[in-house]
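A.B. asks: structure for this input, please:
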Amino acid sequence: MARKTFVRWTLPVLAALSACCWGSPACAADADIAAAPYALGQGWRLGQSGVTIGGYGSLEVQRTGERAAHPSLAHASAFVWWEGESRWKFFAEVDNQANHTAEHETEPGESRYVSVERIYVDYTLNDRVTLRAGKYLTPIGRWNQNHADPLVWTTSRPLITRDLFPDNATGVMALGSLPALGRQASYSVFASTGKELRPDPAEDEFKHSYGARLNVPLGEHLQAGLSYAGFSEGSMRPRQHRLLGFDFVWAANGIEVSGEALYRRASENTTRAATGGFVQLVVPLWARLSAAGRFESVSNPLDPDVRQRAVLGLNWRSNRAMSLKLELVRDSGRERNAPIGLLSSISVLF
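C.D. replies: Presented below is the predicted three-dimensional model:
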C-alpha cells in the first residue's frame with residue numbers, strides 16, 4: 001500500500017514537470033544539444049528546462065539486544081526542483097519512509113509512511129531577501145535543515161531533533177544574508193498560521209508556529225547559530241511552547257566538532273521545561289574513512305526520566321553522494337541496563 005501511495009504521489013509530479021519540458025519541440029531540441037553527463041549526487045537535469053530530478057535512498061540494518069538483525073528501507077526520497085532565469089524557484093521532496101519515532105526502536109513489520117517533506121516556491125526580492133511559501137523544514141538548529149542520510153555522519157539522529165519541536169511547518173518564510181562582524185550572516189524568519197500539510201502520524205500535532213534563526217560566521221572555521229520559536233502542540237488541548245536554541249560547528253583539517261542545545265518551556269507551566277543537547281566529534285582515520293562519536297541528553301516533562309545516548313561509529317564515504325556507516329548506540333535513562341544497539345546503513349544521493 002505504501003508503495004502504491006508513493007507512486008501515486010511521485011509519478012504525476014515528475015510526469016507533469018517532464019511534460020512541461022519535453023512537450024515543446026524547441027525545448028526538446030535544446031535538451032539534445034545541451035545534454036550534460038549525469039553525475040551521482042547532482043541530480044538529473046532535464047535539458048534546458050531548469051527542472052532537475054534527484055533524491056536519495058537508505059538501506060538500514062538494526063540489531064538490539066537479543067533481537068535479530070532487522071533490515072529496512074529507511075528512506076526512498078525523490079526531489080524535484082526548478083530554477084530558471086527568473087526570480088522564481090520551486091522545490092518538492094516526497095519521502096517513502098519507515099513510520100517510527102526513533103532509531104533502533106522499530107519492530108519487524110513496521111508500517112511505512114509517504115511524507116511530503118517539502119513543497120514550496122521561492123521568490124527572490126534582491127540579494128538580501130528571498131520569500132518562501134509552502135511546506136519547509138523548520139529552521140531550528142543545523143541537523144534538522146540538513147539531515148539527508150548521505151550527508152550526515154551517523155545513521156542515528158540526535159534525540160532533540162525529534163522530540164522537542166516540529167520538523168516541518170507550512171506557511172511563509174523570509175530568508176537571506178546580512179553583513180555581520182565583517183562576514184555574511186544568514187537568517188530566516190518564518191510563520192505558520194495553520195497546521196502542517198500532511199503531518200507525520202508518528203509525531204504530535206504542531207501548528208501555529210513562528211520563529212527566527214540567525215547563523216553567524218565567527219572565523220574561518222567556526223560558525224554559531226541562535227534559534228527562537230513558538231508553537232502549539234496537541235489536538236485536544238493544545239499546549240503553547242516557547243523554544244530557544246544554540247548551535248555551533250567548527251571544522252578544520254578534516255576534523256569537525258558540532259553541537260546543539262535547546263530549551264523549551266510550556267507557557268502555562270514554567271516549572272516544567274524540556275532541555276536537551278548533543279555534542280559530536282568527527283575525526284578522519286584513513287583515506288575516506290572517519291570515526292564519529294556523539295553524546296546527547298534530553299529531559300522532557302512528558303518523560304519522567306532523563307534520557308541519555310552515546311553513539312560511536314565509522315563512516316566511509318566513497319564520494320559526496322555515497323556513504324557506508326556502522327555504529328554502536330547505547331541508551332540510558334529509565335532503563336539503566338538498556339541493550340546496546342548496532343546500526344549500519346548504506347546511503348546514496350542521486
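A.B. asks: does anything pack onto the top strand by length along the chain? Which helices or strands?
C.D. replies: When the chain is parsed with DSSP state E, its longest strand is strand 269-286. Contacts defined by 3 or more C-beta pairs under 8 Å, 6 or more residues apart in numbering; DSSP states H and E place strand 269-286 against helix 160-163, strand 255-266, strand 289-299. (Glycine included, C-beta is placed from N, CA and C.)
A.B. asks: please save the CA atoms from it in PDB.
C.D. replies: Once non-C-alpha atoms are left out, strand 269-286 reads as follows in PDB (Å, rounded to 0.1, in the frame of the first residue of the first chain):
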ATOM      1  CA  ASN A 269       3.700  25.700  33.300                       C
ATOM      2  CA  THR A 270       7.100  27.500  33.500                       C
ATOM      3  CA  THR A 271       8.500  25.000  36.000                       C
ATOM      4  CA  ARG A 272       8.300  22.000  33.600                       C
ATOM      5  CA  ALA A 273      10.800  22.900  31.000                       C
ATOM      6  CA  ALA A 274      12.300  20.500  28.500                       C
ATOM      7  CA  THR A 275      16.000  20.700  27.800                       C
ATOM      8  CA  GLY A 276      18.400  18.800  25.700                       C
ATOM      9  CA  GLY A 277      21.600  18.900  23.600                       C
ATOM     10  CA  PHE A 278      24.300  16.900  22.000                       C
ATOM     11  CA  VAL A 279      28.000  17.300  21.000                       C
ATOM     12  CA  GLN A 280      29.600  15.400  18.200                       C
ATOM     13  CA  LEU A 281      33.200  14.800  17.200                       C
ATOM     14  CA  VAL A 282      34.300  13.500  13.700                       C
ATOM     15  CA  VAL A 283      37.900  12.600  13.100                       C
ATOM     16  CA  PRO A 284      39.400  11.300   9.800                       C
ATOM     17  CA  LEU A 285      41.100   7.900  10.200                       C
ATOM     18  CA  TRP A 286      42.400   6.800   6.800                       C
END
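A.B. asks: format the helices and strands packed on strand 269-286 as TSV; extra columns: distance to H221.
C.D. replies: Formatted as TSV, those follow (distance: least, C-beta to C-beta, whole Å):
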stretch	distance to H221
helix 160-163	23
strand 255-266	10
strand 289-299	17
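A.B. asks: most tightly surrounded among those?
C.D. replies: Among those, helix 160-163 has the highest mean neighbour count (mean count of other C-beta atoms under 10 Å), at a mean of 21.
A.B. asks: what is whichever helix or strand comes after that helix packed up against?
C.D. replies: Sequence order places strand 168-180 as the next helix or strand after helix 160-163, per DSSP states H and E. Judged by 3+ C-beta pairs under 8 Å, 6+ apart, strand 168-180 is in contact with strand 130-137, strand 183-191, strand 206-217.
A.B. asks: what about the second one, average pLDDT?
C.D. replies: Looking back up the chat, that one is strand 183-191. For strand 183-191, the per-residue pLDDT values average out at 95.
A.B. asks: partner strands of it, with direction?
C.D. replies: strand 168-180 (antiparallel), strand 206-217 (antiparallel) (DSSP bridges).
A.B. asks: adding mean neighbour count and distance to R272, write those strands out as TSV.
C.D. replies: Listed next are the strands paired with strand 183-191 as TSV, based on neighbours: other C-beta atoms under 10 Å; distance: least, C-beta to C-beta, whole Å:
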stretch	mean neighbour count	distance to R272
strand 168-180	18	24
strand 206-217	20	18
